[in-house]
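Chemist: Let me see the structure of the following:
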Amino acid sequence: MKKRILTVLLAISIALVALSGCVNDESYDHNYSHNQDYDDGDSRSQNHSHSHSHRIEGTRVAMNTDVAITVMHQNASVGESAIDCAFAEVYRIAHLMSHTEGVELSEVARLNKNGFLPNASLDLQYLVDKSIEHSRFSNGSFDITVLPIINLWKERMRAGSPPTDDEINETLKLVNYRNISIENNSIYFSQKGMEITLGGIAKGYAIDRAIAVLEEHGIKDALVNAGGDIRAIGNKEKGAPWVIALRNPENKTEYLTIIHPDNMSVATSGNYERYFSEEARASHIIDPATGYAACELLSVTVVAETATDADALATAVFVLGEARGMDLIERLDGVEGLIVTGDRQVLRSSGFASFEDGRALPDADTNTT
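Modeler: Numbering: from 1, shown residues only. A predicted model of the protein is given here:
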């Protein structure tokens, strides 16, 4: 019931933002690319007309990555305004959810500093609650309380050597999602020294919020790509589906497959993305159970209804590994996945092929990273 109330209140807050307009407080030169499309009578355009529609695209930096928003609309100025508001929402979420921002901007930073946060925003309550939900059904493979271990690895690698087993085991005492409580709009840690990171789920949430703002501004066809985590609604030009290329994790000039998201979200996690140090070549995805980098898989791509879920599930499956990870995907309704194993096998869940394009590689609208 509490989760349902939070979801309803969030929906209301999005509508209020859309009705009241938006302010973009980031200092970016708002340049857009425009292409105009004319309906050629393609029978695939069934839900609404793309006649004389414009493809408007904007790219800005947020959450330490490039965020690209593409919309289709008959009125270019309406599309630009909607994109501005969507980016304003992305920046708002980024500030709230960052553990590295100052406490003046970030609720997560205040929570980590004090161990409690009274009157937490609905956004943070929802996302922490959603994170705990993912922790439960992944048996702790997704755990936002892993930040002390991540910080330990970063600090020790900067000093020139990895942490010792004793240091890891001692720090692991701070890692346990069960020690987070949400009561009366406040969030509490039950153990001193705990800290959270929403890096495995906040980017997906920001994408979902951006899509919601676009929809509130009358946009029916859009694609949001934040560093390879993607959500698409509607269609692109002439009613054709959006096209996403899944890159080979070991060679970014090659692609594993092409998919049509069909009003779904796509997120990819992999040990090729970034490192604590180039010398260590350690995965940034830590197994909360061991304190060491998850290294069984090369990459995991998850297709789910929301980018929030896809983002968290991609991390959880990567930590779980081939067998347990695929089992989790198969157990969840409306979720499909593609796993690239350490020995370079490409494994698909039972329904993943329904999203794939079996033809020769077409021009993709975007790709995973």
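Chemist: hmm, who's touching the helix or strand hosting residue 132?
Modeler: Counting by DSSP states H and E, the element that carries residue 132 is helix 122-137. By CB atoms under 8 Å, 6 or more residues apart in numbering, the surrounding residues in contact with helix 122-137 are 2-3, 6-7, 9-10, 13, 93, 96-97, 107-108, 111, 117, 120, 141-144, 177, 180, 182, 185, 187, 196, 198, 201-202, 205, 209, 308-309, 312-313, 316, 328, 332. C-beta coordinates here come from the backbone N, C-alpha and C atoms, glycine included.
Chemist: Okay, and which of those residues map to strands?
Modeler: Using DSSP state E, the members of those that fall within strands are 117, 180, 182, 187.
Chemist: Out of those residues, flag the one nearest to residue 288.
Modeler: Proximity of these to residue 288 was ranked by CB to CB; the top entry is residue 180 with 13.1 Å.
Chemist: which residues does the closest one form a beta bridge with?
Modeler: Using DSSP bridges, the beta-bridge partners of residue 180 come out as residue 189.
Chemist: quick one, what contacts it?
Modeler: Residues touching residue 180, when contacts are defined by CB under 8 Å, 6+ apart, comprise 128, 132, 144, 145, 187, 188, 189, 190, 194, 196.
Chemist: cool, and residue 95?
Modeler: Applying CB under 8 Å, 6+ apart to residue 95 gives the contacts 101, 105, 106.
Chemist: Please look at the last one and residue 99 and confirm they touch.
Modeler: Just to be clear, that refers to residue 106. Yes: under the criterion of CB atoms under 8 Å, residue 106 is in contact with residue 99, at a separation of 7.0 Å.
Chemist: what sits against the spatially closest residue to residue 334 that is not a sequence neighbour?
Modeler: Distance criterion CB to CB, 6 or more residues apart in numbering; nearest residue to residue 334, sequence neighbours excluded, is residue 305 at 5.4 Å. Residue 305 makes contact with 264, 265, 334 under the criterion CB under 8 Å, 6+ apart.
Chemist: where are the low-confidence patches of the stretch 51-200 of the chain?
Modeler: Low-confidence regions of the stretch 51-200 of the chain, defined here as pLDDT under 70, cover residues 51-52.
Chemist: Turn the buried ones among the contacts of helix 122-137 into a named ChimeraX selection, would you?
Modeler: Buried residues within these, by 16 or more other CB atoms under 10 Å, are selected in ChimeraX with:
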select :6,10,93,96,97,107,108,111,117,120,141,142,143,144,177,180,182,187,196,198,201,202,205,209,308,309,312,313,316,328
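Chemist: From residue 338, how far out is residue 161?
Modeler: Taking CB to CB, to the nearest Å as the measure, residue 161 and residue 338 are separated by 36 Å.
Chemist: Between the two, point out the one with more neighbours.
Modeler: residue 338 (25 against 9; other CB atoms under 10 Å).
Chemist: For the helix or strand encompassing the more buried one, which strands pair with it and how are they oriented?
Modeler: Under the assignment given by DSSP H and E, the secondary-structure element containing residue 338 is strand 336-341. Each strand pairing with strand 336-341, determined using DSSP bridges, is listed with its direction: strand 297-304 (antiparallel), strand 346-348 (antiparallel).
Chemist: looking at those, which is buried most?
Modeler: strand 297-304 (a mean of 26; mean count of other CB atoms under 10 Å).
Chemist: Can you check the distance spanned by stretch 102-109, start to finish?
Modeler: Using CA to CA, to the nearest Å, the end-to-end distance of stretch 102-109 comes out at 7 Å.
Chemist: Could you tell me how far that stretch lies from the centre of the chain?
Modeler: 20 Å (CA atoms, centre = their mean, to the nearest Å).
Chemist: repeat for stretch 159-172
Modeler: Averaging C-alpha positions (CA atoms, centre = their mean) puts stretch 159-172 29 Å from its chain's average.
Chemist: Determine how far stretch 322-330 lies from the middle of the whole chain.
Modeler: Stretch 322-330 has its average C-alpha position 20 Å from the chain's average C-alpha position, going by CA atoms, centre = their mean.
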